[in-house]
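Asks: model the structure of this input:
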Amino acid sequence: METHLSDITRVIQLSVAPAFLLVAMGTLITILSNRLGRIVDRRRVVHERLCALMDGSAAEQQQEMTQLIRRGNLIYFAILCAVLGALLVCLVVAGAFLGALLSVELAQVVAGLFVLAMVAMVVAWSLFLSEVSLAVWAGTHNRR
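Replies: Below you'll find the predicted structure:
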């Protein structure tokens, strides 16, 4: 059960790809956070307008508020999935190191965690695309 330096070196080499994946996930989380911030700012503006309006244009503002809430929810769940994916990638790297250090066969666990991480990222990117589509749709339909 002795761990050799060559075993650890190999695990470090194998951890380089997940490290780049974590950078990509971090970038996605940054993009999503920025979009969420803009949605929240816009919701504040629309809410102030709603409080000031009592005529027919209030319905238009309420419709925009509903769209913003929906977009915010999509981004929130995209962030949740992206963070979950990043955590799973961290567990992949930790599992690889633990397997090498403890001389335990964790290949199936590590592979399963990696597949779950990819599923989480596919969901995050899909939610992001849905939010962008909704934003584009709302932008083209509100300019009548």
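
Asks: what strand or helix carries the nearest residue to Cys90 once chain neighbours are set aside?
Replies: What sits nearest to Cys90 in space, not counting adjacent residues and going by CB to CB, 6 or more residues apart in numbering, is Leu22, at 7.3 Å. Backbone N, C-alpha and C define where each C-beta goes, glycine included. Using DSSP states H and E, Leu22 sits within helix 16-52.

Asks: tell me how many other residues crowd Ala17.
Replies: 13 (other CB atoms under 10 Å).

Asks: distance of it relative to Gly37?
Replies: From Ala17 across to Gly37, the span is 31 Å (CB to CB, to the nearest Å).

Asks: now swap in Val115 and tell me
Replies: As judged by CB to CB, Val115 and Gly37 stand 32 Å apart.

Asks: same thing with His4?
Replies: Spatial separation of His4 from Gly37 under the definition CB to CB is 48 Å.

Asks: residues in contact with the residue positioned nearest the centre of the chain?
Replies: Using CA atoms, centre = their mean, the residue of the chain that lies closest to the mean C-alpha position is Ala82, 2.7 Å off. Listed by CB atoms under 8 Å, 6 or more residues apart in numbering, the contact partners of Ala82 are Met25, Leu28, Ile29, Leu32, Ala120, Met121, Ala124.

Asks: let's see it at 6 Å
Replies: Met25, Leu28, Ile29, Ala124 (CB atoms under 6 Å, 6 or more residues apart in numbering).

Asks: chain neighbours aside, what residue packs nearest to the third one?
Replies: This means Ile29. Ala82 (5.0 Å).

Asks: and the next helix or strand past the helix or strand harbouring the one you found?
Replies: Using DSSP H and E, Ala82 sits in helix 57-102. Using DSSP H and E, the helix or strand that follows helix 57-102 towards the C-terminus is helix 107-141.
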